[in-house]
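[1] Quick check, what structure comes out for this input:
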Amino acid sequence: MTDLLQVLPDFDTRPYTHLLPSLDKALIATNDLVTLEPHHVAKRAHLPSADVRKLAEAVVRALHIHLGLPVQEPGHAAAAAAAATTTTTDGGGLKDDDDCCCISTLDEKLDAALLGGIRPGYLVEVTGESGAGKTQLLLTLLLASQLPPPHGLARSAVYISTEAPLATTRLTQLLSSHPSLVALPQTKKPSLSRILSIQTPDLESQEHILRYQLPVAIKKHNVGLVVLDSVAANFRAEFDKDSSRNGPASMAKRSAQLVHLGALLRDLARTENISIVVANQVADRFTAAPAPSPNPVSRTTSTNSQSNTTIHNSSLAPQLPVNGPSTQSEGGFMLSPNPLALDHQQCWFTGWGDIRSDSLDALKTPSLGLVWTNQIACRIALVKKPVLASRSSVINGKDERNEDQSHISKWQRWFKVVFASWAPPSEDRGVEYEILRSGLRHTDSKTGNLAAVE
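    Here you go, the predicted model:
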C-alpha cells in the first residue's frame, strides 16, 4: 500500500506494520482496500481476514475525518438505532411530523394521487414518452424539496444527468410563474444555488458518483432529494452495442448491474432518509402477429361427457382466442392467450395495457424490463394520447371534411400511479394534466374520457 500515506499523510500505520508488506506485494491500493470485500483482499494478499477488516475500517474512519464527515465509533450505531426507535409517538412507529413529510408536486390533484407527494426513504420512478412532461415534473420537485413542510423537506436537491444538462432557464421560469412559488416571500423562495448538478457520461463514472461522491454531498449540503435523469441512457449506450454479438451474456451482465444499482439507491434513500426519483424512458411493446402453424401441437382434454376443448401451444398460436382476462375484445386484440404470460401480466406494473379500449399501437413498456421494475418502490407513468381531427378540403368551392385524412390537433396527458408503497394505484387513466409555463397542472375534464382521441 505505497499510496496510503499519499492519501492519508497523518494515518498511524504502526498497528498495521505486519500487514503492509504483504499488501504491497499483492499490489493492493487504498482504493482496493476500501471498495473490495475484506475477505477478497485477505485471500489475494494471504492475510487474516479479520486483520484486513480492521485496517479497512480504520482507513475509512480516517477518510471521514479528513473529509469533515461525522464519525461514529464502533458500537455507537446500534445505540443510535435503538434510541431512534424509542423516540416515537403513541407507542411505536415514526414521529407524526416525519410520517407526513413529503415533496409536493405543487398541484393538489397530483398530490392527492400520491397521498401527499413523494415520500422520503423510497426509490421512485417517473416514466413516459418524450413530451409527456417527465422533465417538467422533475424540475418542479427540485424546487419543491426546498420548501418547508408540508410541501417540502426544507432541504437541498441534487440533479444527476446522464443526457442533457440541468435546464436552469426552465427552473427560473418556474420560479417566476408558478402560483405556489410566486406568492412566497423572497427569503422563503427556492433557489437555484441549492440545486447541485452532476453529469455522468458513462456507467463507470455513474457508479463512482453514486457510491462515493453522492453520500458526501448529501451530508455536506443537507440534501433531501436526488434526481437521476435518466436511468436507462447509460445502460442503453453500454449494452445495446454488444447485444447483437453476445446477446444473452450482455443481458445477464446488465441485469446484475441493475440489481446492484437498485440496491445502492434503495439503501441510500433509506439510510439518509431522502427521496430518490429516477426518470425512465419507454419503448413500444410488440405482440406476435397471428400466423398459421404447419404442424400445430395440440392436446385434447375432455371437459364433460359431450364436448371436447382443444388447447393449442401458445408459442405456435400466440393470438388464439380464449375467454379470459387476457382477451381485449373491445380493442380488437389480445395481449396474450395465457394469463400467466409476461405479455399479459405486465399491464399491471408498466402503466400501459390495463385500459381495454387502448389500441395495440399505443402500448408502451418502461425501459430496463422486469429486473429494474423489481428495484423500485413506486412507478409514476405519464401517459399521452393524440387527439385526432379530420382535415378539411375545398372541393368545388365547398369546404368538406375528409374523414380519411386526419391530423393531431392536440395531446391529452394523464398522471398515473401504477404502484406505490404508500399509495393505491390510480383508477382508470389517472389524473389528466397539461403542461403550462408554470409547470404541470391538472385539468377539469373528466378522467378517462377518450371520445375525442378514439
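[2] hang on, D428 packs against I355?
    Yes: look at D428 against I355 with CB atoms under 8 Å: they come within range, at 7.3 Å. Glycine gets a C-beta too; all of them are placed from N, C-alpha and C.
[3] For stretch 3-11, list every residue counted as buried.
    4, 7-8, 11 (16 or more other CB atoms under 10 Å).
[4] ok, back up a step: and D428 and I355? which has more neighbours close in?
    I355 (17 against 13; other CB atoms under 10 Å).
[5] Any stretches of the chain with poor pLDDT?
    1-2, 71-100, 240-247, 287-337, 360-361, 390-406, 445-454 (pLDDT under 70).
[6] Just want the most central residue of it.
    E125 (2.8 Å; CA atoms, centre = their mean).
[7] three-state assignment of that residue?
    At E125 the chain is in strand, as set by DSSP: H, G, I helix; E, B strand; the rest coil.
[8] what pairs with it across the strands?
    Following DSSP bridges, E125 is listed with bridge partners V278, R379.
[9] In contact with it, which residues?
    231, 277-280, 366, 376, 378-380 (CB atoms under 8 Å, 6 or more residues apart in numbering).
[10] Check those against R194 and report the nearest one.
    Of all those, R194 sits closest to V277, with 16.5 Å by CB to CB.
[11] Now do the end-to-end distance for stretch 24-34.
    15 Å (CA to CA, to the nearest Å).
[12] Residues touching it, excluding its own?
    Looking at what lies outside stretch 24-34 - CB under 8 Å, 6+ apart - the contacts are 1-4, 7-8, 23, 41, 44-46, 52, 55-56, 59-60, 63.
[13] Please repeat the previous calculation with a cut-off of 6 Å.
    1-4, 7, 41, 44-45, 56, 59-60 (CB atoms under 6 Å, 6 or more residues apart in numbering).
[14] would you list these in JSON lines and tack on secondary structure and distance to D107?
    As requested, these are exported to JSON lines (DSSP: H, G, I helix; E, B strand; the rest coil; distance: CB to CB, whole Å):
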{"residue": "M1", "secondary structure": "coil", "distance to D107": "55"}
{"residue": "T2", "secondary structure": "coil", "distance to D107": "57"}
{"residue": "D3", "secondary structure": "coil", "distance to D107": "52"}
{"residue": "L4", "secondary structure": "helix", "distance to D107": "53"}
{"residue": "V7", "secondary structure": "helix", "distance to D107": "48"}
{"residue": "V41", "secondary structure": "helix", "distance to D107": "51"}
{"residue": "R44", "secondary structure": "helix", "distance to D107": "55"}
{"residue": "A45", "secondary structure": "helix", "distance to D107": "57"}
{"residue": "A56", "secondary structure": "helix", "distance to D107": "48"}
{"residue": "V59", "secondary structure": "helix", "distance to D107": "48"}
{"residue": "V60", "secondary structure": "helix", "distance to D107": "43"}
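[15] Using a markdown table, lay out those residues together with distance to L225.
    A markdown table is the format used below for those (distance: CB to CB, whole Å):
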| residue | distance to L225 |
| --- | --- |
| M1 | 38 |
| T2 | 41 |
| D3 | 36 |
| L4 | 36 |
| V7 | 31 |
| V41 | 35 |
| R44 | 39 |
| A45 | 41 |
| A56 | 31 |
| V59 | 31 |
| V60 | 26 |
